[in-house]
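>>> using only what follows, build the 3D model:
(one chain, ligands or ions: 2)
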Amino acid sequence: MSTEREPRVSSASSGLLASPDASSPNLDDFPALVRADLETRIRRDKLDTWFKHLTLASLNDKEVVFAVPSGFVRDFLTRNHLAELRRAVQNVGGHARAVRLIVNPMRPTDGDAARRASVEAVLDKITEEAPPLTSYEAEQRRTGEKRSEPSRAPENFIKPTSLNPAYTFESYVVGVCNRLSHAAALAIGENPGRAYNPFFIHGGVGLGKTHLLQAICHAVHRRHPGKQVAYLSCEEFTNQFINAVQGGKLDAFRERYRSVDVLVVDDVQFLANKDRTQDEFFHTFNALYNSHRQVVMSSDCAPFEIPTLEERLVSRFKWGLVTQLEAPCYETRYAIVQRKAKARNVEIPDEVARYIAETIDTNVRELEGAVVKLLGVATLTGRQISVPVAQEVLSSVPRPRPRRVTLDCVMNVIAREFSLSPRDITGKSRVSHISLTRQLGMYLSRHHTDHSLEEIGRFFGNRDHTTVIYGLTKIKKRMQEDRNFQAVVERLGQRMLAAQQQMS
Ligand code: ADP
Ligand code: MG
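Numbers count the residues shown, from 1 in each chain. Ligands and ions are numbered 1, 2, ... in the order given. Below you'll find the model as predicted:
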C-alpha cells in the first residue's frame, strides 16, 4: 500500500489535482475533491450517507482505489454510483482512471457521524435507498455462484441460550385447541425449511405460542445440530436493529440474521407502528425465504389484524401456514393440570385437577400459575392437596384484567368531542369530518380496547375489517404529519381512560 500511496499524479495534465501550483498535492484531499465534484450532481443527503467515509486507499495513473467502511456501502456504491465516481475522478485527476472500492472497516477518524445523526434520519435514508442484499447475497450475485449454504465460522453459531429448557414438544399437551399448530411445529422441527414455510402461529396470551416456538428450536438443535437457529422476540429484533444502525454495524446485523437456517421471531405484533423495522424484517424474510430457510413467527393476532402492518408483509406471512391457538377446552385443561403437577413430581387428586380445570378456563399460563401456587401453599403449610385448599388458593389468583376501555366509552368520548351523534358516526355519510371521526373512533378502539378488527368494524356501522385497517392507516399517517392532530388523539385516549375509570 505504501508504494501505492505515493502515486505519480504529475502525469495528470488537467483537473483539480494538477493545478500548476499543486506541485506536491496532498492526496488526502483527493476524496474531498471527488466529493465536492459529486456534490454538483448528487443530492447532499445522499452524499452524506454514502460518500462521507470514502477514503483514498491508493492512486496511480490507471486506477483509484477507495476504501469504504463496509461491504454494504461498497455494494451499494458499486451498483448505483460507480459511473458518477469515475466521472468525478476524471474531473479531479485530469484523466480517466478505473475506480475500485475496497472495504476498510476502520472507523473514520472524524468520529462516527452516523452515530451522531438521529436514528430516524439514518433509518430513513437506509429505507429509501438500501438494496435488500447481504454482502453474502451480493457476493453470490457477483460470482454467479449458487451455494446452498453460506460458509460460516463456528463462533457465528447462534446458541439457544435464551431458550427455556422446559419448552419442549414432550412437555406440550395436545388437544383440539392446538392440534394443527402442534403438528405443523413438529414437522418443522423435523424438516426446517421444507415443511411449512413461513409458519405463523397466533392466539391470545398464555395459550402456548412461545412454548411451541421454542420447542421447534430445541427439536432443530437436537435433530440438526449443524443448523443455525436464531430465536428472538420481535422487540429484541427491533432493538438489535436500532443498535446496529446507531453503532454502524448494520452489515453484521444483516449478515447474522439473513444467513441463519431457522429464524424464529416471537410476538411479531410488536412490528406495529415500526415502519423501519418492518422494512428490515421484510428484507430479512425475503432473503431467508428465497434460500429455503425456515421462518417461524408468533403473534397475539392474525397477520392482517396487526395494526399498520404493511400489506406486503401480511401477504408474505400467509404464503406458508397460518394457524390459531384456541383457548384450551376442559379436557386439555385437565390434562395440563395433571402434567404440570407431574413435572414437579406431585400427584394431584383427581377431584382437585377437575376443580382447577373447571374454574380456570382462560389460558394455560393462568392454569399453570394456579397449579404452582397450590403446590407451593401445600408444601409451605404442610396441608394435603384438597379441593378446599384449591378453593382458597384460586380465590387469590388474580383474574384477567377487565377490558381497558369499552367501545361505548370510545363512542361517547368522540361523539361529545366532535358534537356528532353515534348515529352520524356509524352511518353511511362520507362527509369528511364524519368519516374522520369514524376513523378516529376505530383507531382509538384498536389502541384502547381488546376488540378485534372485525368487532370494531361491526361496531362502527357494520363495516368490514379492511375498512378498519384503512381507517387506522389514515389516522396514523395524519398523526405523523400533524403534531396537533397527534396531540388531539392522545388527549382523547387519556379522556377515555379517565371516563372508563369513573364508570368502573
Ligand atoms: P404465549 O406465548 O402464547 O403467551 P406461553 O407459550 O408463554 O404462551 O405459555 C404460557 C405457559 O403455559 C407456559 O409455561 C407454557 O409452558 C404453558 N403452556 C401453554 N400451552 C401449553 C400446552 N399445550 N401444554 C403444556 N404447557 C403449555
Ligand atoms: Mg409468548
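>>> every contact and neighbour count from this point should use C-alpha atoms.
Fine.
>>> domain parsing of the chain, as residue ranges.
Following automatic domain parsing, the chain resolves into domains at 12-103, 111-132+152-325, 330-395, 407-503.
>>> ligand 1 is nearest to which of the ones you listed?
The closest of those to ligand 1 is domain 111-132+152-325. By Cα to the nearest ligand atom, the value is 3.2 Å.
>>> and the closest one with ligand 1, contact?
Yes - contact of domain 111-132+152-325 with ligand 1 (Cα under 6 Å from any ligand atom) involves Tyr167, Ser171, Tyr172, Val173, Val174, Val205, Gly206, Leu207, Gly208, Lys209, Thr210, His211.
>>> residue contacts, the second one?
With Cα atoms under 8 Å, 6 or more residues apart in numbering as the criterion, the residues that contact Ser171 are Arg339.
>>> okay, and Asn91 sits in which element?
helix 82-93 (DSSP states H and E).
>>> for the record, mean pLDDT for that helix?
Averaged across helix 82-93, the pLDDT comes to 84.
>>> swap in stretch 489-500?
Here the average pLDDT along stretch 489-500 is 81.
>>> show me what contacts Leu213?
Leu213 makes contact with Ala185, Val264, Asp266, Val296, Met297, Ser298, according to Cα under 8 Å, 6+ apart.
>>> Ser452 now?
With Cα under 8 Å, 6+ apart, Ser452 has these contacts: Glu305, Arg446.
>>> picking that back up, how about the contacts of Leu213 in a markdown table, adding secondary structure, distance to Glu236 and neighbour count?
Compiled in a markdown table, the contacts of Leu213 are given as follows (DSSP: H, G, I helix; E, B strand; the rest coil; distance: Cα to Cα, whole Å; neighbours: other Cα atoms under 10 Å):
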| residue | secondary structure | distance to Glu236 | neighbour count |
| --- | --- | --- | --- |
| Ala185 | helix | 22 | 26 |
| Val264 | strand | 12 | 25 |
| Asp266 | strand | 9 | 25 |
| Val296 | strand | 15 | 26 |
| Met297 | strand | 14 | 25 |
| Ser298 | strand | 14 | 27 |
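>>> contacts for stretch 456-463?
Taking Cα under 8 Å, 6+ apart as the criterion, the residues outside stretch 456-463 that touch it are 407, 425-428, 438, 442, 445-446, 464-465, 467-468.
>>> specify which member of those is nearest to Asn243.
Arg446 (29.5 Å; Cα to Cα).
>>> and the one helix or strand Pro388 maps to, what's buried?
Here Pro388, judged by DSSP H and E, is contained in helix 387-395. Under the neighbour-count criterion of 16 or more other Cα atoms under 10 Å, helix 387-395 has Val387, Ala390, Gln391, Val393, Leu394 buried.
>>> before we move on, what about stretch 357-366?
In stretch 357-366, counting by 16+ other Cα under 10 Å, buried: Ala357, Ile360, Thr362, Asn363, Val364, Glu366.
>>> what is the burial count for Ala343?
Ala343 has 11 neighbouring residues, counting by other Cα atoms under 10 Å.
>>> try the one 4 residues further on
The burial metric for Glu347, expressed as a neighbour count using other Cα under 10 Å, is 15.
>>> same check on Ala487?
12.
>>> how far is the host helix or strand of it from where the chain is centred?
Here Ala487 sits within helix 483-503, counting by DSSP H and E. Put simply, helix 483-503 sits 28 Å off its chain's centre (Cα atoms, centre = their mean, to the nearest Å).
>>> packing partners of it?
helix 407-417, helix 432-448, helix 465-481 (3 or more Cα pairs under 8 Å, 6 or more residues apart in numbering; DSSP states H and E).
>>> again, 6 Å this time
The contact analysis (3 or more Cα pairs under 6 Å, 6 or more residues apart in numbering; DSSP states H and E) places helix 483-503 against no helix or strand.
>>> what comes up buried for it?
Neighbour-count burial for helix 483-503 [16+ other Cα under 10 Å]: Gln486, Val489, Leu492, Gly493, Arg495, Met496, Leu497, Ala499, Gln500.
>>> for Pro69, state which of those is nearest.
For the buried residues of helix 483-503, the closest approach to Pro69 (Cα to Cα) belongs to Gln486, at 38.9 Å.
>>> you'd agree the closest one is up against Arg478?
No - checked against Cα atoms under 6 Å, the pair Gln486 and Arg478 is beyond contact range at 7.8 Å.
>>> Ile102: which of the contacts of Leu213 is nearest?
The closest of the contacts of Leu213, once distances to Ile102 are taken by Cα to Cα, is Val264, at 34.0 Å.
>>> list the beta-bridge partners for the closest one.
Tyr231, Val296 (DSSP bridges).
>>> so it touches Tyr231, yeah?
Yes - with contact defined as Cα under 6 Å, Val264 reaches Tyr231; the gap is 4.7 Å.
>>> lowest-confidence member of the residues of domain 111-132+152-325 next to ligand 1, which is it?
Among those, Val205 has the lowest pLDDT, at 88.
>>> now it: how far from Glu305?
In this structure, Val205 and Glu305 are 15 Å apart, going by Cα to Cα, to the nearest Å.
>>> okay, these two: which has more neighbours?
Neighbour comparison, Val205 and Glu305: the larger count goes to Glu305, with 21 against 18 (by other Cα under 10 Å).
>>> measure that one to Glu311 for me?
Per Cα to Cα, Glu305 is found 11 Å from Glu311.
>>> equivalent analysis for Pro198, please.
16 Å.
>>> higher neighbour count, the two?
Taking other Cα under 10 Å, Pro198 and Glu311 do not tie; Pro198 has more neighbours (28 against 11).
>>> pull the contacting residues for the more buried one.
Residues in contact with Pro198 (Cα atoms under 6 Å, 6 or more residues apart in numbering) are Val295, Val296, Gly320.
>>> what do you get if the cut-off is 10 Å, keeping everything else the same?
Going by Cα atoms under 10 Å, 6 or more residues apart in numbering, Pro198 touches 188, 192, 263-264, 285, 288-289, 292-297, 316-322.
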